[in-house]
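Engineer: Take a look and give me a structure for this.
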Amino acid sequence: MENLFIQFCQTTVKQTNTVGGSFLKRGDHFQILTNGFSYVWDYANPIWVDLDSDFNVTKLPVELSNYQKVYVSVSFFDHAFIVFDWAKKYPQVNFIMGGPAVNFVDMVSDFTKKQFMIKLPSNVSITNESAESIFGLPFDINRFKIDLPDFNTPRLYHFRIGSGCYWSRCNFCIYRHENYTNFEIDPETIQNIPPGGVWLGTESLSPKSCELLTQLNYDDRRYHCFLRGDTSAYKSLQKILPMIKESSHLRFFMGIEFPSNRMLQMMGKGTDIETLIKVIHLLTDAGCKVSLSFITEWECIEKNDVEEAKNFFKMLPDESTYDSYYNPLVNWFGDVKKENFIGKLTGEQKRLNSQWQSILHKYGCLKYGISSERIKQRMLKFRELMP
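Structural biologist: From the prediction side, this is the model:
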């Protein structure tokens, strides 16, 4: 046999309100599906590989040594660990990884050469090409298909609605694209996607694609998407949200990064505190769920920024309507970051960042956070898996 296509199906336990959405209670089991081959399903015939909540393979339905090439859809860095482990066990097999985690893995493969003296296994490659390119097909959103694993648990899967971010000017972000595309989606395709939690895949919901929210099938479905908190998004949603009776089925993920106007301007965010607050209140007043993301461990915080951040949280709506999470700046590998950044904050910046994180923990309704030290440990684990 020549090629095999793998998608991961992780059955896990819901710990927060962020992942899985409001249709799940804390402690419920649910599935996270990495359905990267949904637009070439009939060509790839992908298989599901089951994982437990700790990313351990619980069921591998095929013998990998029977294949020359194995294409793997990876959504999390932990998926890459699994592929690296397979690469060691099956040196004669070529593994090709693609998917949301590839951007991070790609950056890591260069960044960690100096930091941790590691490299990708010789039989592992990463690609930013689409699954369609494997078969020489044009992308067609209306070719979407997914055969769901045979479990009676809620699920979270991915449905693409666009490509790129219509702003693409934030100078810290690795997801900048020169070309932004809204896909033309057949209404029948939208109505027939399976029940569950659905990621509306795009780096940011554009003002034009906001209209799609009025066409969604909300029966037994909850939708999640990334949203910029800017004026154009506010104006579009102001018109659209009153038309949606099931707005509680929507969760928007907004990148605040650092809530001070000086910091927002410095990072090229294209918005300000007043506008961010307006967008958040617009969403929560309509009954939508909101998850806010922040960045820690900046090297350029000033005292006034910390005070402004504290005031920002005082202007947010009731705590029951939103939650938040954070990542360190090193996780983004953007232009404002230096290569030796991990764990290098000293003096005044270390003190100000400590104050900033204290504010997050005290006022931010935090559901999740990761430190640069934890990333460092992940890199060390990465090295251990190298041949």
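Engineer: Which strands border the strand ranked longest in the chain, and is each parallel or antiparallel?
Structural biologist: Scanning the chain for the longest strand, with DSSP state E as the assignment, gives strand 3-13. Taking DSSP bridges as the criterion, strand 3-13 sits next to strand 29-33 (antiparallel), strand 47-51 (parallel), strand 69-73 (parallel) in its sheet.
Engineer: Using PDB, write down the CA coordinates of the last one.
Structural biologist: Put plainly, it is strand 69-73. The C-alpha atoms that make up strand 69-73 are tabulated as PDB, following Å, rounded to 0.1, in the frame of the first residue of the first chain:
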ATOM      1  CA  LYS A  69       3.600   7.600   3.100                       C
ATOM      2  CA  VAL A  70       1.400   8.600   6.000                       C
ATOM      3  CA  TYR A  71      -0.300  12.000   5.900                       C
ATOM      4  CA  VAL A  72      -1.400  13.200   9.400                       C
ATOM      5  CA  SER A  73      -3.800  16.000  10.300                       C
END
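Engineer: who's in contact with that strand?
Structural biologist: Applying C-beta atoms under 8 Å, 6 or more residues apart in numbering, the external contacts of strand 69-73 come out as 2-8, 34-37, 44, 46, 64, 79, 83, 86, 93-99, 131, 134. C-beta here means a position set from N, CA and C on the backbone, and glycine is covered the same way.
Engineer: Got the confidence number for the residue nearest to Glu246 when sequence neighbours are not counted?
Structural biologist: In space, Glu246 comes closest to Tyr218 once its chain neighbours are excluded; the distance is 3.8 Å by C-beta to C-beta, 6 or more residues apart in numbering. Tyr218 is assigned a predicted lDDT (pLDDT) of 94.
Engineer: what's the neighbour count on Glu302?
Structural biologist: Counted with other C-beta atoms under 10 Å, residues neighbouring Glu302 total 14.
Engineer: contacting residues for it?
Structural biologist: When contacts are counted by C-beta under 8 Å, 6+ apart, Glu302 is found next to 262, 352.
Engineer: right, and the helix or strand after the lowest-mean-pLDDT helix or strand in the chain?
Structural biologist: One helix or strand of the chain scores below all others by mean pLDDT, DSSP states H and E: helix 102-115, with a mean of 49. Elements were assigned by DSSP states H and E; along the chain past helix 102-115, the next helix or strand is strand 124-126.
Engineer: how about the helix or strand that that following strand is followed by: buried residues?
Structural biologist: From strand 124-126 onward toward the C-terminus, using DSSP H and E, the following helix or strand is helix 131-134. Applying a neighbour-count criterion of 16 or more other C-beta atoms under 10 Å, one finds 131-132, 134 buried in helix 131-134.
Engineer: Could you list which residues are in contact with the residue nearest to Glu246?
Structural biologist: Under the criterion of C-beta under 8 Å, 6+ apart, the contact list for Tyr218 reads 244, 246, 249.
Engineer: ok, back up a step: go through the longest strand of the chain and flag the buried ones.
Structural biologist: Applying a neighbour-count criterion of 16+ other C-beta under 10 Å, the buried positions in strand 3-13 are 4-12.
Engineer: Stretch 226-235 too?
Structural biologist: Neighbour-count burial for stretch 226-235, with 16+ other C-beta under 10 Å as criterion, is recorded at 226-234.
Engineer: got it, and stretch 237-247?
Structural biologist: For stretch 237-247, a neighbour-count test (16+ other C-beta under 10 Å) marks 237, 240-241, 244, 247 as buried.
Engineer: what do you get for stretch 53-71?
Structural biologist: Of the residues in stretch 53-71, those with enough neighbours to count as buried (16+ other C-beta under 10 Å) are 64, 67, 69-71.
Engineer: is it possible to export those residues to a markdown table including pLDDT and distance to Tyr322?
Structural biologist: As requested, the buried residues of stretch 53-71 are exported to a markdown table (pLDDT from 0 to 100; distance: C-beta to C-beta, whole Å):
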| residue | pLDDT | distance to Tyr322 |
| --- | --- | --- |
| Leu64 | 96 | 43 |
| Tyr67 | 96 | 45 |
| Lys69 | 96 | 44 |
| Val70 | 97 | 41 |
| Tyr71 | 97 | 38 |
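Engineer: In those residues, find the pair that's most separated.
Structural biologist: Considering C-beta to C-beta, no two members of those lie farther apart than Leu64 and Tyr71, which are separated by 12.0 Å.
Engineer: Nearest residue to Tyr39 in space, ignoring adjacent ones along the chain?
Structural biologist: The shortest distance from Tyr39 to any non-neighbouring residue, by C-beta to C-beta, 6+ apart, is to Arg143 (5.1 Å).
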